[in-house]
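[1] Coordinates for the following, if possible.
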Amino acid sequence: MLQERHAHPTQNPVADYPANHMHRERFYTLTASCPDQVGIIARVSGFIAQNGGWILESSYHADDLTGRYFMRMEIKANSLPFLLAEFRERFRVAVGEPLQMDWQINDSAMKKRLVLLVSKQEHCLYDLLARWQAKELDIEIPCVISNHDTFRGFVEWHGIPFHHVPVMPDNKEAAYAEVQRIFEEVHGDCMVLARYMQVLSPELCAKYPGKIINIHHSFLPSFVGAKPYHQAYERGVKLIGATCHYVTEELDQGPIIEQDVIRIDHSDSIEDMVRYGKDIEKTVLARGLRYHLEDRVLVHGNKTVVFR
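    You can find the predicted model right below:
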């Protein structure tokens, strides 16, 4: 079974429910995948109906090449006669195990805790903090980590703790151990690399599969690594883009969540591309992050199914 989230010891799921979502009743989100077969929808929806569950939204996808079936459902929480822990256990016995499912059930009242990592580029950090402050993103930000001290004042002005963890060629192992320690200490659910210009250690990537999200400033798989706009300029491309993806041990090769592009031409300089790119980077990161937060992304191998 996919890893389930549990409440932070000091977190009150109902009290912490954001004001801009109070018009929506609390719901549970079921995401699952399993070998494709006859009767999956009937089995799942039948189980929910038998327990009085009210399905608010549902999405499905069958992958013919892999023979795998993917689904996402939102169920009104107060329509069920039991709490989330019992819902999970009953689902496991009645549906999950018989259908050989990878599944999880999350609570909309539980805010995900995002740890932001940033270097010297400010646009993605500024955008995410603005969306968080405006309650567009239903998250908690327990801290920001940076390999530079540049944004300490800006971050702390928002009331968010700032951790300066320098990353040098001779201290990378210790630096990433410190990043992991901070992430665990604040009970983080996800790391967001908001133009964090360092390559995470393979050990750190392997420890948090599906929990580290990066924004890369190219339309992957083109122009991986450093200076993709310079690479694009040298190649004379007519489109540049940005990619939001999960981080894996292989640089810029993780499962893709969201992408977008803009058109350029021969008259655009590298500086023009960088300027255009900043707008698309922050937009793609925000969209991809929202899909992740709303449990709309299912990973299978190195691909994703995104129920938008």
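[2] where does the stretch 101-250 of the chain have low pLDDT?
    Applying pLDDT under 70 to the predicted model, the stretch 101-250 of the chain contains no residue that meets it.
[3] Enumerate the helices of it by residue range, in sequence order.
    123-133, 152-157, 172-185, 202-207, 228-235 (DSSP state H, counting those that start in this stretch).
[4] quick one: which of the ones you listed is nearest Val247?
    With respect to Val247, and counting by C-beta to C-beta, the nearest of the helices of the stretch 101-250 of the chain is helix 202-207 at 5.5 Å. For glycine as for every other residue, the C-beta is placed from the backbone atoms N, C-alpha and C.
[5] top helix in this structure by residue count?
    As far as residue count goes, and with DSSP state H defining each element, the longest helix of the chain is helix 270-293.
[6] pLDDT averaged over it - what is it?
    The predicted model gives helix 270-293 an average pLDDT of 97.
[7] other SSEs contacting that helix?
    Counting contacts by 3 or more C-beta pairs under 8 Å, 6 or more residues apart in numbering; DSSP states H and E, helix 270-293 packs against helix 123-133, strand 190-193, strand 212-216, helix 228-235, strand 239-246, strand 256-263.
[8] now it against strand 212-216, angle please.
    Using axes from the mean of the first three to the mean of the last three C-alpha atoms, to 10 degrees, the inter-axis angle of helix 270-293 relative to strand 212-216 is 150 degrees.
[9] buried ones in whatever helix or strand comes next after helix 270-293?
    Reading on from helix 270-293 to the C-terminus, the next helix or strand found by DSSP states H and E is strand 297-300. Counting neighbours by 16 or more other C-beta atoms under 10 Å, one finds that the buried residues in strand 297-300 are Val297, Leu298, Val299.
[10] mind listing what Asn147 touches?
    Going by C-beta atoms under 8 Å, 6 or more residues apart in numbering, Asn147 touches Ser119, His164, Val165, Pro166, Val167, Ala175, Tyr196, Met197, Gln198.
[11] From Glu156, how far out is it?
    Relative to Glu156, Asn147 is positioned 17 Å away (criterion: C-beta to C-beta, to the nearest Å).
[12] what do you get for Val261?
    If you go by C-beta to C-beta, the gap between Val261 and Glu156 works out to 36 Å.
[13] Those two - which one has more neighbours?
    In terms of neighbours (other C-beta atoms under 10 Å), Val261 is the more surrounded of Val261 and Glu156; the figures are 16 against 12.
[14] Next one, pLDDT for the more buried one please.
    What the model reports as pLDDT for Val261 is 97.
[15] Name all residues that make contact with Leu83.
    By C-beta under 8 Å, 6+ apart, the contact set of Leu83 is empty.
[16] ok, it to Val93 distance?
    Taking C-beta to C-beta as the measure, Leu83 and Val93 are separated by 16 Å.
[17] swap in Glu140?
    Separation of Glu140 from Val93 (C-beta to C-beta) stands at 33 Å.
[18] Settle it for me: which of those two has more neighbours?
    Glu140 (20 against 10).
[19] mind listing what that one touches?
    Counting by C-beta under 8 Å, 6+ apart, Glu140 touches Asp16, Lys111, Lys112, Arg113, Leu114.
[20] so who does the residue positioned nearest the centre of the chain touch?
    Among the residues of the chain, the smallest C-alpha distance to the mean C-alpha position (C-alpha atoms, centre = their mean) belongs to His292, namely 3.7 Å. By C-beta under 8 Å, 6+ apart, the contact list for His292 reads Cys190, Ile213, Ile257.
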